[in-house]
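Asks: Got a sequence here, can you build the structure:
(2 chains, ligands or ions: 2)
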Amino acid sequence: MSEWPLYEVFVRSKRGLNHVHVGSLHAADDETALRHARDLYTRRNEGVSIWVVRSEHITATSPDEKDPFFAPSGDKVYRHPTFYAIPDDVPHM
Amino acid sequence: MAVLEEHFERTIEKDRRVEPRDWMPEGYRATMVRQIAQHAHSEIIGMQPEGEWITRAPSLRRKAILLAKVQDEAGHGLYLYSAAETLGVDRAELTLKLIEGRQKYSSIFNYPTLSYADVGVIGWLVDGAAICNQVPLCRSSYGPYARAMIRICKEESFHQRQGYELLLTMMAGTEAQRSLVRDAVDRWWWPSLMMFGPPDDASPNTARSMAWKIKRHTNDELRQRFVDMTVPQAEALGVTLPDPCLRWNAERGHHDFGEIDWSELKRVISGDGPCNAQRVGVRRAAHEDGAWVREAAAAHAAKAAARATGSPDAAGRAATAGGSAAGAGDGAGAAARAGATA
Ligand SMILES: [Fe+2]
Ligand SMILES: [Fe+2]
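Replies: Ligands and ions are numbered 1, 2, ... in the order given. This is a model prediction of the structure:
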């Protein structure tokens, strides 16, 4: 229906931070997608760097397998520092 | 199905956000699509009443401000179309529905802008009412909609303040300027109150939208909040709001105000306002006049892609790729659909 493909837009708001997904837009090609993203998502200096990617190129987890997909990390409490009892008088731990 | 529904109910109950690829009841999806599309259309049509004044701005400063404001409204429309697309609809389809009169937009934009004071009053009252409506929507249960609203609310404050400052300037000017402001306030006050929609007892969908946490307050609650916020601003500006019944009610802790002419709201919503035909006509013309730009850009992109791969065949493929584009990010059109039927 749409003549231009859909792109997802990611913006780094300042140096030192990750790019964050901010929304999407339609554009004829990658170059214009970047320009549209600048005009749409950074009108007030909200970004120092932009990524755009065709939405169809993103592979995502599926909602129905949400629980089983993330299950492997569910029972590994020993991956967290709070799992380990250390006497209170040991400093800097 | 029962498990999915229970998961959805629990998400709402715990005040968590529903995200694009989650299962959701068809009624919730349809309500969100309708609300987000109407909201997007309102932002886009909302560019027109003020946009008409860009070439007639009284100074370069006012012109730059008005351009930026109208450009923001375009941005708001696009944030919202982006959110709507996460529900499996296509924004080109929504635009068609708008210009064919099958989807609505806010009644307020069907009134004319008669002088530059209208630009100020729209910023003050219309954007002010929009802020009242939109701030609670930042906590709306549908994630992409709530996130779009946060972005929008950050920008609305500029809209309201530029309008109010414009009015302060005019009120400090000549008697002729002051009378333009008074006239604009008289014309926009009641339509602004109508922006909150029909009264609660005539708004059958409110209960369901509140249960789904799409809406957080009723129309009448928000309208009351707007009146209470606006009265002291009108005083500071030195204008009288055109309602003889408007007075502070110490018992209620709110302002009482007069009865709204609901027949007027009905008339304007059903297409018979002063500018309905003009607004939709301008939008349709913009869409049709822009067709060659969209086609040319698509053709250019297809050619460039073909040149890059060296295959003449790729050009054709690139040209049609847009048709099936519905990816898996937040804007997962096809994926959202798949989730819906899972
Ligand atoms: Fe807006
Ligand atoms: Fe606005």
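Asks: For residue 33, which non-adjacent residue is spatially closest?
Replies: In the absence of a named chain, this looks at chain A. A:A27 (3.6 Å; CB to CB, 6 or more residues apart in numbering or on different chains). Glycine gets a C-beta too; all of them are placed from N, C-alpha and C.
Asks: ah, I was thinking of chain B
Replies: Of all residues not flanking B:V33 in the chain, B:L87 sits nearest, at 5.1 Å (CB to CB, 6+ apart).
Asks: tell me the secondary structure for that neighbour?
Replies: The three-state label for B:L87, taken from DSSP: H, G, I helix; E, B strand; the rest coil, comes out as coil.
Asks: since we're on it, how many residues are nearby?
Replies: The number of residues packed near B:L87 is 24, by other CB atoms under 10 Å in any protein chain shown.
Asks: I figured it hits B:E19, correct?
Replies: No: with contact defined as CB atoms under 8 Å, B:L87 does not reach B:E19; the gap is 11.0 Å.
Asks: still on that earlier bit, residues contacting the residue nearest to A:A33?
Replies: Residues touching A:A27, when contacts are defined by CB atoms under 8 Å, 6 or more residues apart in numbering or on different chains, comprise A:4-5, A:7, A:33, A:35-36, A:52.
Asks: next one: B:Q278
Replies: Counting by CB under 8 Å, 6+ apart, B:Q278 touches no other residue.
Asks: Just confirm it is within a helix.
Replies: Yes: B:Q278 forms part of a helix when assessed by three-state DSSP.
Asks: Against B:L96, how distant is it?
Replies: As for B:Q278, its distance to B:L96 is 19 Å (criterion: CB to CB, to the nearest Å).
Asks: Same check on B:D118?
Replies: Separation of B:D118 from B:L96 (CB to CB): 30 Å.
Asks: thinking again about what came up before, tell me, what's the model's pLDDT at the residue nearest to B:V33?
Replies: We have a pLDDT of 97 for B:L87.
Asks: distance of it from B:D261?
Replies: B:L87 sits 35 Å away from B:D261 when distances are taken as CB to CB.
Asks: Then B:I150?
Replies: B:I150 is 34 Å from B:D261, where distance means CB to CB.
Asks: Please apply the same query to B:G77.
Replies: Taking CB to CB as the criterion, B:G77 is separated from B:D261 by 29 Å.
Asks: helix or strand for the nearest residue to B:L137 once chain neighbours are set aside, which one?
Replies: Excluding the flanking residues, the one nearest B:L137 by CB to CB, 6+ apart is B:M149, at 4.4 Å. Under DSSP states H and E, the secondary-structure element containing B:M149 is helix B:143-171.
Asks: and that helix, does that touch ligand 2?
Replies: Yes: with CB under 5 Å from the ion as the threshold, helix B:143-171 lies in contact with ligand 2, specifically through B:156, B:159.
Asks: Could you check the angle the helix or strand just after that helix makes with helix B:143-171?
Replies: Using DSSP H and E, the helix or strand that follows helix B:143-171 in sequence is helix B:175-194. Counting by axes from the mean of the first three to the mean of the last three CA atoms, to 10 degrees, helix B:175-194 lies at 160 degrees to helix B:143-171.
Asks: so how far is helix B:175-194 off the chain centroid?
Replies: Average the C-alpha atoms of helix B:175-194, do the same for its chain, and the two points are 22 Å apart (CA atoms, centre = their mean, to the nearest Å).
Asks: Mean confidence (pLDDT) on it, please.
Replies: 98.
Asks: same check, this time on stretch B:41-59
Replies: For stretch B:41-59, the mean per-residue pLDDT is 98.
Asks: and what of stretch B:309-321?
Replies: Averaged over stretch B:309-321, pLDDT sits at 56.
Asks: now do stretch A:26-46
Replies: In this model, stretch A:26-46 carries a mean pLDDT of 96.
Asks: For it, buried residues please.
Replies: With burial defined by 16 or more other CB atoms under 10 Å in any protein chain shown, the residues of stretch A:26-46 counted as buried are A:26-29, A:32-34, A:36-37, A:40-42.
Asks: What of stretch B:43-55?
Replies: Using 16+ other CB under 10 Å as the test for burial, stretch B:43-55 gives B:43-51, B:53-54.
Asks: got it, and stretch B:127-136?
Replies: B:127-135.
Asks: What is the burial count for the closest residue to ligand 2 within the stretch 101-250 of chain B?
Replies: Among the residues of the stretch 101-250 of chain B, B:H159 lies nearest to ligand 2; the distance is 3.8 Å by CB to the ion. A total of 26 residues lie near B:H159 under the criterion other CB under 10 Å.
Asks: can you check B:A184 too?
Replies: 25.
Asks: likewise B:P199?
Replies: For B:P199, the number of neighbouring residues by other CB under 10 Å comes to 15.
Asks: now do B:G163
Replies: 25.
Asks: Just say helix, strand or coil for the closest residue to it other than its chain neighbours.
Replies: If you skip the residues right next to it in sequence, B:G163 has B:G123 as its closest partner in space, 1.7 Å away by CB to CB, 6+ apart. Here B:G123 is recorded as helix under three-state DSSP.
Asks: Show me what whichever strand or helix holds B:A301 is packed against.
Replies: When elements are assigned from DSSP H and E, B:A301 belongs to helix B:291-309. For helix B:291-309, the helices and strands in contact under the criterion 3 or more CB pairs under 8 Å, 6 or more residues apart in numbering or on different chains; DSSP states H and E are helix B:312-324.
Asks: and the helix or strand of chain A with the lowest mean pLDDT with chain B, contact?
Replies: Of all helical and strand segments in chain A, the minimum by mean pLDDT, DSSP states H and E falls on helix A:66-70, at a mean of 75. No: Helix A:66-70 lies apart from chain B when judged by CB under 8 Å from any CB of the partner chain; the minimum separation is 8.8 Å.
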